[in-house]
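> return a 3D structure for these sequence lines:
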Amino acid sequence: MVKKIIIVGLSAVVLIGLAGCGSNSDDSSGSSSTQKTSQSVKVSSEGETRADVNVSVADAIKAYQEAYPDSDITSIDLETSLGKYLYKIEGVDDDKEYELRVDANTKAVSKEREENLDAEDRNGVKRTEDKLDLEGLLSIEQVSDIAEKHVGKGEAVDWSLDKDAGTMYWEVKVIAGQDETEVKIDATSGEVLETEIDD
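Numbering: from 1, shown residues only. Next up is the predicted model:
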């Protein structure tokens with residue numbers, strides 16, 4: 001029994017040590033990191049376990065567009081599901097709405113939903129109202145930095161891209177201990193639009 005505890009304890013120390021060694025590798029790449037097509041973002045889940053998000057928003061959008069080339073994207077979420085990060089992308093064409101999931105580490109794609117629109121939303125009505133303009137979109141890494149600096153502590157753990165009254169925004173959830181703050185950020189300018197604290 002004592003040997004098991006010692007082995008488990010040593011394993012935990014080794015894992016923590018390795019995690020600490022690996023955390024500085026992202027900073028050493030300097031300016032070359034901005035030229036990568038994919039990004040590696042360190043994010044936490046409930047402030048405890050850390051995961052790499054290796055698939056950029058642009059890559060997730062591309063995966064959606066390959067699956068549904070004649071539709072427009074209406075929302076993008078990056079959230080945890082069963083301990084791993086997934087992009088959930090919703091879109092619409094003139095007659096149907098779609099939902100696609102993209103694994104944020106492996107880029108594996110799964111089609112979740114394809115439904116006919118209600119009569120009042122067909123013929124481009126919903127498409128015109130809800131489609132997102134994806135030009136000049138800030139990355140997950142950029143909005144995470146803005147939200148964390150704005151809150152002053154904690155880590156970004158959840159992201160949603162949406163539109164309200166013509167303004168496209170990222171809503172970023174930042175967790176610091178028991179405190180949870182949602183920061184709305186203009187998706188292209190980076191301006192903080194709204195902050196909501198839930199403690």
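> give me the below-cutoff pLDDT ranges for this protein.
Scanning the chain for pLDDT under 70 picks out the ranges 1-52, 199.
> where do the helices sit along it?
2-22, 57-67, 125-130, 140-151 (DSSP state H).
> state the distance from the residue nearest the centre of the chain to residue 108.
Centroid check for the chain by C-alpha atoms, centre = their mean gives residue 78 as the closest residue, at 2.9 Å. Noted for residue 78: a distance of 15 Å to residue 108, by C-beta to C-beta, to the nearest Å. For glycine as for every other residue, the C-beta is placed from the backbone atoms N, C-alpha and C.
> over to residue 67?
12 Å.
> quick revisit: ok, the nearest residue to the residue nearest to the centre of the chain once chain neighbours are set aside - contacts?
The shortest distance from residue 78 to any residue other than its chain neighbours is 4.4 Å, reached at residue 159 (C-beta to C-beta, 6 or more residues apart in numbering). The contact partners of residue 159, by C-beta atoms under 8 Å, 6 or more residues apart in numbering, come to 77-79, 140, 143-144, 170-173.
> would you list the residues you listed in TSV and tack on distance to residue 87?
TSV is the format used below for these (distance: C-beta to C-beta, whole Å):
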residue	distance to residue 87
77	7
78	5
79	8
140	10
143	14
144	15
170	13
171	15
172	15
173	15
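> out of these, which are buried?
Among these, the ones that count as buried by 16 or more other C-beta atoms under 10 Å are 77-78, 140, 143-144, 170-173.
> quick one: which two of those are the most distant?
Spatially, the most separated pair among those is 77 and 144, at 14.5 Å (C-beta to C-beta).
> near residue 164, how many other residues are there?
Residues lying near residue 164 (other C-beta atoms under 10 Å) number 11.
> beta partners for residue 169?
When bridges are called by DSSP bridges, residue 169 pairs up with residue 162, residue 186.
> same question for residue 181.
Bridge pairing for residue 181 - DSSP bridges - gives residue 174, residue 197.
> double-check residue 107 against residue 63; I have them as touching.
Yes: taking C-beta atoms under 8 Å as the definition, residue 107 is a contact partner of residue 63 at 6.6 Å.
> so between the two, which is more surrounded?
Taking other C-beta under 10 Å, residue 107 and residue 63 do not tie; residue 63 has more neighbours (19 against 16).
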